[in-house]
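1. Here you go, sequence then predicted model.
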Amino acid sequence: MDKIFKKPESIRNAGTHYCPGCGHGIVHRVICEVVDDLAIREKLIGIAPVGCAVIAYDYWDFDVTEAAHGRVPAVATGIKRSLPDRIVFGYQGDGDLGAIGTAEIIHAANRGENITIIFVNNTVYGMTGGQMAPTTILKQKTATTPSGREQKIHGFPLKVCELLSVLPGVVYAERVSIHNPQNVLKAKKAIKKAFENQIKGLGFSIVEVLSPCPTYLGLSPQDAVKWIGGELTKEYPLGIYKGVA
Amino acid sequence: MKKVLMCGNEAIAEAAIIAGCRFYAGYPITPQNEIPAYMSKRMPEAAGGIFIQSESELAAINMVFGSSLTGTRAMTSSSSPGISLKQEGISYLAACELPAVIVNIMRGGPGLGNIGPSQSDYFQAVKGGGHGDYHQIVIAPASVQEIADLTMLSFDLADKYRMPVMILGDGILGQMMEPVEFKAVTKPQIKKDWILDGCKGRKPRIIKSLILNEAALEKFNLKLQKRYKEIKNKEQRCEVLYGDDSEIMLVAYGTSSRICRSVVENMRKKGRSIGMIRPITLWPFPEDAFKKLGKNVKSFLVVEMSCGQMIEDVKLAIDCTRPVYFYGRTGGEIPSEDGIIKAIENY
Amino acid sequence: MKEEIIFAGFGGQGIMFMGKAIAYAAMNEGKYVTWIPSYGAEVRGGTAYSMVVISDKAIASPLIKDPTICVAMNSPSLRKYEAKIKTNGLLVVNKSIIDIKPERKDLEILNIPVTELASEAGDHRIGNMVALGALLSKRKVVNPESLINGLKDIVSSTYHNLLPINEKAIRKGFEYGSR
């Protein structure tokens, strides 16, 4: 009998540390499928962020480093400029990319660094206990917005793809979601595109992935993906913000 | 090689390139701007050299982190306020056992302070300005020639011990011109079998600093400490003037030591029994040289362009067995020969 | 031999370059030399200086407390440094724009109209070279030929067409001081 579904080569045999219903595992796997499809595992260097995905290297079976909080795009710049023929990607969460590392992401994007950024937006700080993220939507309750995010106090949710898409250094910015299988497939297509752009030397690509964090959304895994497909995609519309599919 | 007239900042940049530095990232700040300016011109000329003017000091040190982990000799430079911003990255470099050279051309502080020469970042440099149980090697040149020689040495030490090395200068050293000869150095053939360059033909590698298990992190820290002990044993460097027959020893590094040298020369002419210890490595502090001093050394006068920071290490080096006095100027002011002589006469 | 020289004047008078030029010549003669510029706030404050120490022995402090030679290119510089010059030291005064008279009696003082002599050489802006030539007529810090020969190495090639008039200015200053 033919094997029609298997573990990607680039993923390690490891039990997950992520919470039930967490989207990180899916995004990890999708990245590894793309790495296998493009046969880039042996020339790949990944960068893990600070946040729940900090130990992504426990799952990825290729060279990986870990950056200080928010500094993934700067570390990626240093690696890619030193080894321009390798493939370099950064994996960042919403706090890492959208709060503490805003300067680094904007300037790496604006320099048009030939790197790939996978931005996992789950609207909340997971590792530290569910605090407000820059992408937390208005009225959303978190550990530090107990009555819901209020614009007067906390400002507006940060629209990363919209923001980066105006920069000339960005060749590709797409927002995808993984709240159902069809969207996971679309996410894979976008992530593949983001790596292909780098292989072709086109410049900076970012894929924003709307991803569930049931634990700190206070929802069941099922309700969390429903919330993403409904309310969250209204706040963060899916689609290509820069470049072509 | 012919001598050239060059300022300290440019000598750092040129020496780095000769030492094989092929990656520089930095952010403008006075009084070290000659370094990025020189690098921006020379790096593209040097084979495969990369220059990046980063968006911040944080980005610069993290770009150096990224470049270093590919096995590239990498450097950044700044002055005091910018070096404060780099502390996060320095701690991560130390934790990830990554070599890097960081230049601090110190200016007056705290805060924005001023751009005058200063030595008030001594504590930050030698006691570990970032978080955690780590050290960096700290090198303190006192002339443009020494800047050139010690910059090359810094890259070798960084690679050998896989850790950050800081070159600690001040505004005067950075701006001052002196003749300098760039002596050909042999780049030590240290095999970097830990770099990330894609896992072709080998197992994947991970470079990280997160060690969640307490016992494992303690073990890692003890491993670092063992290396630091080895460095303390092998890498102490200093210059001693009249160590055998002086009653008073001045202790100074960098620009302060140049002024103290004049004081020693002039007072010796007048028959005074005075000498100087000039630390060249501030970490490891040259404790052994203090222990080897003649018994007739009765007291020490530490001269710094700060309110008194190195003085603590001098007291520790002699186990407080003799009086240690202090004379310093701060805020961009420079100690004068007269001020130092007055301090000697008053104690 | 050890000379401690302070060049002082307005920003734009070529104060840094005077120091650099004589330091470079001294280096080429095999002497020890240090050069320190004033930088930052001091420059903007009106008086820029450069300090040059030239010696046949290794130089301890590059910072000059009391110079053996001072070239004052404007009045504030004269006021600031006159009192500090060592006894029997040399004071070169830019007579073209300094309207106050030095007071010290224990110095060798050379008043020289640098702007006028520079104009005669071909460009009124190179009074700094006139002053350097004058200095060398009074103190043999370096051979004037070393100074002239070194200029091409430290002047950007864009300005190499001005080298002949710089040489002329140095010689004019030297002649004026030798009279």
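-> Received, thanks.

2. Next, the contact list for residue 48, please.
-> As the question left the chain open, I've gone with chain A. A:V54, A:I55, A:A56, A:Y57, A:V64, A:T65, A:E66, A:A67, A:Y91, B:K208 (CB atoms under 8 Å, 6 or more residues apart in numbering or on different chains). Where C-beta positions appear, they are placed from N, C-alpha and C, glycine not excepted.

3. wait, chain B
-> So B:G48 contacts B:R22 (CB under 8 Å, 6+ apart).

4. any idea how far it lies from B:N33?
-> To B:N33, B:G48 is 24 Å away according to CB to CB, to the nearest Å.

5. what helices or strands is the longest helix along chain C leaning on?
-> The residue-count maximum for a helix in chain C (DSSP state H) belongs to helix C:163-178. With contacts defined as 3 or more CB pairs under 8 Å, 6 or more residues apart in numbering or on different chains; DSSP states H and E, helix C:163-178 has these neighbours: strand C:108-112, helix C:114-121, helix C:127-138, helix C:144-154.

6. if we go to 6 Å?
-> helix C:114-121, helix C:127-138, helix C:144-154 (3 or more CB pairs under 6 Å, 6 or more residues apart in numbering or on different chains; DSSP states H and E).

7. Identify all contacting residues around it.
-> C:110, C:112, C:117-118, C:121-123, C:126, C:129-130, C:132-134, C:136-138, C:144, C:148, C:151-152 (CB atoms under 6 Å, 6 or more residues apart in numbering or on different chains).

8. Strands along the stretch 151-300 of chain B, start to end?
-> B:164-170, B:177-180, B:206-207, B:238-241, B:248-251, B:274-279, B:281-283, B:299-304 (DSSP state E, counting those that start in this stretch).

9. now swap in chain A and tell me
-> A:44-48, A:63-66, A:87-93, A:116-121, A:124-125, A:131-132, A:170-177, A:204-210, A:239-242 (DSSP state E).

10. List the strands paired with the fifth one, with their directions.
-> Strand A:124-125 has the following sheet partners, assigned by DSSP bridges: strand A:131-132 (antiparallel).

11. do the fourth one as well
-> Sheet pairing here is set by DSSP bridges, and for strand A:116-121 it gives strand A:87-93 (parallel), strand A:204-210 (parallel).

12. for those strands, which one sits closest to B:H135?
-> Comparison of these against B:H135 by CB to CB identifies strand A:87-93 as nearest, at 29.5 Å.

13. the inter-axis angle of that closest one versus strand A:44-48?
-> Angle between the axes of strand A:87-93 and strand A:44-48 is 20 degrees (criterion: axes from the mean of the first three to the mean of the last three CA atoms, to 10 degrees).

14. Could you check how far strand A:87-93 is from the centre of its chain?
-> From the chain centre to the centre of strand A:87-93 is a distance of 8 Å (CA atoms, centre = their mean, to the nearest Å).

15. Over to stretch B:231-238?
-> How far stretch B:231-238 lies from its chain's middle: 13 Å, per CA atoms, centre = their mean.

16. ok, now stretch C:134-153?
-> The answer for stretch C:134-153 is 10 Å, by CA atoms, centre = their mean.
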